[in-house]
Structure formats: C-alpha cells, structure tokens
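Novice: Provide a 3D model corresponding to the input given below.
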Amino acid sequence: MQFLKELFKKVDKKKEEKKNVFEFDLEKNPILDIKNIMKILPHKPPFLFVDKIIDITENRIIGVKNVTMNEYFFIGHFPNEPIMPGVLQIEAIAQVGGILVLNKLNNPKLYSTYFLKIDNVKFKHKIIPGDIIIFQVNLLESMKRGIVHMKGKGFVNHKLVVEAEVMAKIVKNK
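Specialist: Okay, here's the model as predicted:
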C-alpha cells in the first residue's frame, strides 16, 4: 500500500511539473530591452545571452534569447550540426536571474553576480539556430548576505529544453 502511495505521489508530481509551463506573450512590449539589460548586467556582446525581459515580479522573471546562426559559438560547436553549448544555456539562466536580483538594487551597475554553485542541471533537447528560448527564473530563497538561490527553466515552443538551480553571490564592484 505504501508503495502505491509513493508511486501516485511521483505521478502527481510529474503532472504538476508539466502544468508548470507558463503563459507569455512575445508580441507585447518588453519590460527591459537590450539597452536596458546592458545597463543592469556587466555582460556585453558576444557574452550577453538575454535579449529582452518580458515579465518580472518580486520572485520571478521571464527573459528571451533569440538564437541565430550568427552566434560566434556555432563556428566550432558543431559546424555541421550547430547546437547551443549547454554551459551557455546555464549562463543564460544565470544572466536572466542576475537581472531579477540586480534590478532590485538602487544602482545595479555597481554590482556583479558570480556563480557559487550549479545543481540539478538537465538538458532535455537541443537548441539550434532559429530557436527562441524563453527563460523562467524563480527565486528559491530570498537573498541573504549577498547570496541568492534560483531555479531556471528554458523553453522552446513551450517545450522544456533546459533546467538548473544556480546559486550566486552579489558583490559590489571595486
């Protein structure tokens, strides 16, 4: 009997995760465009992996990355079958999360975010040129002593393609 209860819990959890796909409107004006993002994040092209923010609340943010064939990393990864590297997918999640956290500060230009930990990474599907990745990043815990814990998911065509938990430290620039 206990086995069946545990099995049903797992099935219910999987159903709940599938329902967790959020709704968004790519046609509405962005809350932050690329110019505003570059005022918040220290990253600049070609190492900026978020093009716009379409929604932001106290504990959640939704960002967009347009993947084009012009991305520098496709030259070598892989020339005959271009795929966005997994480490850059995680970096994109962290950058979107960084916007969520830094946007709360009075002068975000004075701060940087640094990875402390990456957990529970899952790559579900390839990301290729022409894809539009929608990133949803949620705060798992409020910032304490400059440390923030977040969970990010990336979707292409409403399909989960990547997910990860990231922990970062917010540090004032010297």
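
Novice: ok, and the closest non-adjacent residue to the spatially most central residue of the chain?
Specialist: Nearest to the geometric centre of the chain sits residue 93, at 2.3 Å (CA atoms, centre = their mean). Computed as CB to CB, 6 or more residues apart in numbering, the closest residue to residue 93 that is not its neighbour in sequence is residue 152, at 3.3 Å. In this view, the C-beta of every residue, glycine as well, is placed from N, C-alpha and C.

Novice: next: residue 116.
Specialist: Per CB to CB, 6+ apart, closest to residue 116 is residue 167, 4.5 Å.

Novice: for that neighbour, helix, strand, or coil?
Specialist: Assigned by DSSP: H, G, I helix; E, B strand; the rest coil, the conformation of residue 167 is strand.

Novice: in the sheet, who's paired with it?
Specialist: residue 117, residue 149 (DSSP bridges).

Novice: how much space between it and residue 96?
Specialist: Residue 167 sits 15 Å away from residue 96, going by CB to CB, to the nearest Å.

Novice: now swap in residue 149 and tell me
Specialist: Where residue 96 is concerned, residue 149 sits at a distance of 15 Å (CB to CB).

Novice: looking at the two, which is more packed in?
Specialist: Comparing residue 149 with residue 96 by neighbour count (other CB atoms under 10 Å), the higher total belongs to residue 96, at 28 against 19.

Novice: surely residue 118 meets residue 165?
Specialist: Yes - counting by CB atoms under 8 Å, residue 165 is a contact partner of residue 118 at 7.2 Å.

Novice: helices or strands up against the host helix or strand of residue 137?
Specialist: Element membership for residue 137 (DSSP states H and E) is strand 132-144. Applying 3 or more CB pairs under 8 Å, 6 or more residues apart in numbering; DSSP states H and E, we find strand 132-144 packed against strand 60-66, helix 86-102, strand 147-156, strand 159-172.

Novice: pull the distance from it to the chain's centre.
Specialist: 7 Å (CA atoms, centre = their mean, to the nearest Å).

Novice: stretch 81-92 now?
Specialist: 12 Å.

Novice: so for that stretch, what gets flagged as buried?
Specialist: 82, 84, 86, 88, 89, 90, 91, 92 (16 or more other CB atoms under 10 Å).

Novice: now those in TSV, with distance to residue 26 and pLDDT?
Specialist: Below are the buried residues of stretch 81-92 laid out as TSV (distance: CB to CB, whole Å; pLDDT from 0 to 100):
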residue	distance to residue 26	pLDDT
82	23	97
84	19	98
86	24	98
88	21	98
89	19	98
90	23	98
91	22	98
92	17	98
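
Novice: from those residues, which is closest to residue 46?
Specialist: The nearest member of these to residue 46, counting by CB to CB, is residue 88 at 10.5 Å.

Novice: would you agree the closest one is in contact with residue 67?
Specialist: No - applying CB under 8 Å, one finds residue 88 not in contact with residue 67, separated by 9.9 Å.
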